[in-house]
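give me a 3D structure for the following:
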Amino acid sequence: MALSYLVSQVSDTRNCFAITVDHGFRPESGIEAEHVARYMQKLGIHHETSLLKWISDGSDARHTARACTMPPVQRLEETARRRRYTEIADACQRHGIRAVLTGHHAGDQAETFLLRFMRMSGIYGLAGMPEQSALPFASQNVLEASLDMQQKQQSDPALVRPLLDIKKEDLYSLCRAQDIRWHEDSSNADARFRRNQLRQIIGARADKPESPVNADALLEMCKIMQRHREYIDRQVERLLSQHARYDSALATIELSSAQNSSSVAPLPEWAQNPALCERVLAHVVTWVGCSDHPPELAHLDRLKRAISSHRLGQTAAVSAAGVTMLPPTTRHGWIFCRQPPRHGEIAASVGLRLGASTLWDGRLVVSVAERATGSSSSLSSLSPPAELSWSVLTLDNAIEKLGVVISEHRHWLKQKRCRIAPRAVLASSPVVCVQTSRTSEPEPVFALGYAIEQSACATALDVHVRMLKRPMDC
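Sure, this is the predicted structure:
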């Protein structure tokens, strides 16, 4: 409420939009949302309320729109956060919103510091929430066939936290001075949630500046860590520009290896400083895994140990945080790819029409369209485009169903001296198939990272595969 008032004092409210996400956990939350709506109307700010729907395990949710299974209490906060930001991202897409402002204040920042300290998050975690970052889950919500991927990604809104330096007590004072009614979330007293426990600990020491968990002390430590983070960011950006090669179609990153003829290879430049190596690996794992959060330090330590072990002649691949790291060879450096999926882990996308796009494996955007006029082949001789559909399978599923075609395609690529990615990389790469009105079986048109030139349909189609996130988004 305080944030809305402050925004109304510095902006034209006709260009503002507010969304209230009602999680539906508390019986009074609906009444609170109505009060917020009335106050937004008073300020002249457009407003809408989004009510989240939850179902219990085993319930029939076929007639429940946008429902989600209620998670256990240990995952409730994270699940609610994900759904909340997904709803906000939906609103941004519908209304063309470019920036989202949230009311996170200094108290929230202090709690975040302690939470991450307990998780051993390192400098990046202890730096707390940044004043501006990308809106979580926004990229997944703006996947539209009518948008080019580059244009789509540039439209991703920013998440801005303008109140991080303001204490909650000051916001209370503002509300009292301006006669703004606010609501206290009764669930904030629920001691089952770790953040609530820390909030009570910090609040009990508000008048004890000598305490190490006094809010002012925690915020000062956040600012110190932020300065360290800014310096490390500049160095990591330099190292990535010099040593990283991104393959958006295969969703891999290759980091250069040390070139040395000695039997014991030295560490490459990006791995020589432990702090910088940690952040380079964090960026790599976050991008390859298309994650909204950096990996835990334990996962990064596992990768760093494997890199050091390579100097001693140990060359086995290692997996951590859902990402597999392949050791360098004479032909390539360190390759990072998605951890090979378990059987059935990646759901197939089926029944798609030409011109459509699909988000596959939560990371890759796959689109199939008819090739532009003037191409060497046309779909009209094969099947009317309206009667053609396409699907995406994993490589293992495609081999089970279409093993001969995939084997012939691999042999053809070798003859053409095309660079074929390692098996661990291809395990999670998509295989695109089409189904026409004249065929009873799907026909693969794209596999192993290349179009299947032997296919008549492939010559008439444009298949595009690329990562959902740009490298600079991580």
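
where does the stretch 251-400 of the chain dip in pLDDT?
259-265, 311-314, 373-386 (pLDDT under 70).

helices along that one, start to end?
269-272, 274-288, 297-310, 395-415 (DSSP state H, counting those that start in this stretch).

please work out which of those is packed deepest.
Mean neighbour count (mean count of other CB atoms under 10 Å) peaks for helix 274-288 among the helices of the stretch 251-400 of the chain, with a mean of 22. Any C-beta I mention is one placed from the backbone N, CA and C, and that applies to glycine too.

contacts for that one?
Helix 274-288 has contacts (CB atoms under 8 Å, 6 or more residues apart in numbering) with 122-124, 232-233, 235-236, 239-240, 244, 246, 251-253, 255, 270-271, 291, 293-295, 297, 299-300, 303-304, 307, 320-323, 336-338, 467, 469, 471, 473-474.

so which of the residues you listed sit within strands?
When the contacts of helix 274-288 are checked against strands (DSSP state E), the matches are 244, 246, 252, 253, 255, 320, 323, 336, 337, 338, 467.

surely the first one and residue 253 touch.
Same thing as residue 244. Yes - applying CB atoms under 8 Å as the test, residue 244 and residue 253 come out as touching, 5.6 Å apart.

can you tell me which helix or strand residue 71 belongs to?
Under the criterion DSSP states H and E, no helix or strand holds residue 71.

what helix or strand is the residue nearest to it when sequence neighbours are not counted on?
Excluding its sequence neighbours, the residue lying closest to residue 71 (CB to CB, 6 or more residues apart in numbering) is residue 79, at 4.5 Å. Per DSSP H and E, residue 79 falls inside helix 73-95.

residue 111 too?
Going by DSSP H and E, residue 111 is part of helix 106-118.

and that helix, how far out from the chain's middle?
Counting by CA atoms, centre = their mean, to the nearest Å, helix 106-118 is centred 22 Å from the centre of its parent chain.

list the buried residues in it.
106, 107, 108, 109, 110, 111, 112, 113, 114, 115, 116, 117 (16 or more other CB atoms under 10 Å).

just those residues now: which is nearest residue 88?
Closest approach between the buried residues of helix 106-118 and residue 88, by CB to CB: residue 108, at 16.8 Å.

show the pLDDT at the closest residue to residue 455 other than its chain neighbours.
Once flanking residues are discounted, residue 455 sits nearest to residue 445: 5.0 Å by CB to CB, 6+ apart. Note on residue 445: pLDDT of 93.

which elements pack onto the helix holding residue 79?
On a contact count with 3 or more CB pairs under 8 Å, 6 or more residues apart in numbering; DSSP states H and E, helix 73-95 meets strand 17-22, strand 46-51, helix 138-141.

now distance to residue 178, mean pLDDT and mean neighbour count too, for these, in JSON lines please.
Shown next, in JSON lines, are those (distance: least, CB to CB, whole Å; pLDDT from 0 to 100; neighbours: other CB atoms under 10 Å):
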{"stretch": "strand 17-22", "distance to residue 178": "17", "mean pLDDT": "95", "mean neighbour count": "19"}
{"stretch": "strand 46-51", "distance to residue 178": "18", "mean pLDDT": "95", "mean neighbour count": "16"}
{"stretch": "helix 138-141", "distance to residue 178": "32", "mean pLDDT": "61", "mean neighbour count": "22"}
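
residue 407 is nearest to which of these?
Per CB to CB, nearest to residue 407 of these: helix 138-141, 34.5 Å.

in terms of residue numbering, what are the domains of this structure?
Per automatic domain parsing, the domain ranges recorded for the chain read 2-220, 248-338, 349-473.

look up phi and psi at residue 451.
phi -70, psi 150 (degrees, to the nearest 10).

check contacts around residue 229.
123, 124, 127.

buried only: go through those for me.
Buried, going by 16+ other CB under 10 Å: 123, 124, 127, out of these.

as a markdown table, these with distance to residue 86 and pLDDT would be great.
Converted to a markdown table, these look like this (distance: CB to CB, whole Å; pLDDT from 0 to 100):
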| residue | distance to residue 86 | pLDDT |
| --- | --- | --- |
| 123 | 29 | 87 |
| 124 | 24 | 86 |
| 127 | 25 | 94 |
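
need those residues in JSON lines with distance to residue 282, can you?
Output for those, formatted as JSON lines (distance: CB to CB, whole Å):
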{"residue": "123", "distance to residue 282": "11"}
{"residue": "124", "distance to residue 282": "7"}
{"residue": "127", "distance to residue 282": "13"}
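
closest to residue 404 among those residues?
residue 124 (48.7 Å).

quick one, phi psi at the residue nearest to the closest one when sequence neighbours are not counted?
Spatial nearest neighbour of residue 124, chain neighbours left out: residue 229 (5.9 Å); criterion: CB to CB, 6+ apart. For residue 229, the backbone dihedrals (degrees, to the nearest 10) come out as phi -60, psi -40.

cool, and residue 422?
phi -60, psi 160.

out of the contacts of residue 229, which comes closest to residue 27?
So of the contacts of residue 229, ranked by how close each gets to residue 27 (CB to CB), first place is residue 127, at 38.0 Å.

the closest one reaches residue 222, doesn't it?
Yes - the pair residue 127 / residue 222 is scored as a contact, 6.2 Å apart, by CB under 8 Å.

quick revisit: would a markdown table of the helices and strands packed on helix 73-95 with distance to residue 171 be doable?
Below are these laid out as a markdown table (distance: least, CB to CB, whole Å):
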| stretch | distance to residue 171 |
| --- | --- |
| strand 17-22 | 17 |
| strand 46-51 | 20 |
| helix 138-141 | 27 |
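
nearest to residue 176, of the ones you listed?
strand 17-22 (21.5 Å).

tell me the helix or strand right after that closest one.
Reading on from strand 17-22 to the C-terminus, the next helix or strand found by DSSP H and E is helix 29-43.

for the stretch 101-250 of the chain, which spans come out with low pLDDT?
Looking at the stretch 101-250 of the chain by pLDDT under 70, you get 138-155.

ok, residue 461 - how many residues close by?
Residue 461 is flanked by 24 other residues according to other CB atoms under 10 Å.

partners of it in the sheet?
residue 370 (DSSP bridges).

tell me the contacts of it?
So residue 461 contacts 354, 368, 369, 370, 371, 379, 434, 445, 451 (CB under 8 Å, 6+ apart).

please apply the same query to residue 125.
116, 117, 119, 294.

one more time with 6 Å
Neighbour list for residue 125: residue 116 [criterion: CB atoms under 6 Å, 6 or more residues apart in numbering].

measure it to residue 134 for me?
17 Å (CB to CB, to the nearest Å).

please apply the same query to residue 397.
Computed as CB to CB, the residue 397 to residue 134 distance reads 33 Å.

same check, this time on residue 184
30 Å.

which one is residue 430 nearest to, not counting chain neighbours?
Using CB to CB, 6+ apart, the closest residue to residue 430 is residue 392 (4.7 Å).

the one you found contacts residue 360, doesn't it?
Yes - between residue 392 and residue 360 there is a contact under CB atoms under 6 Å: 5.2 Å.
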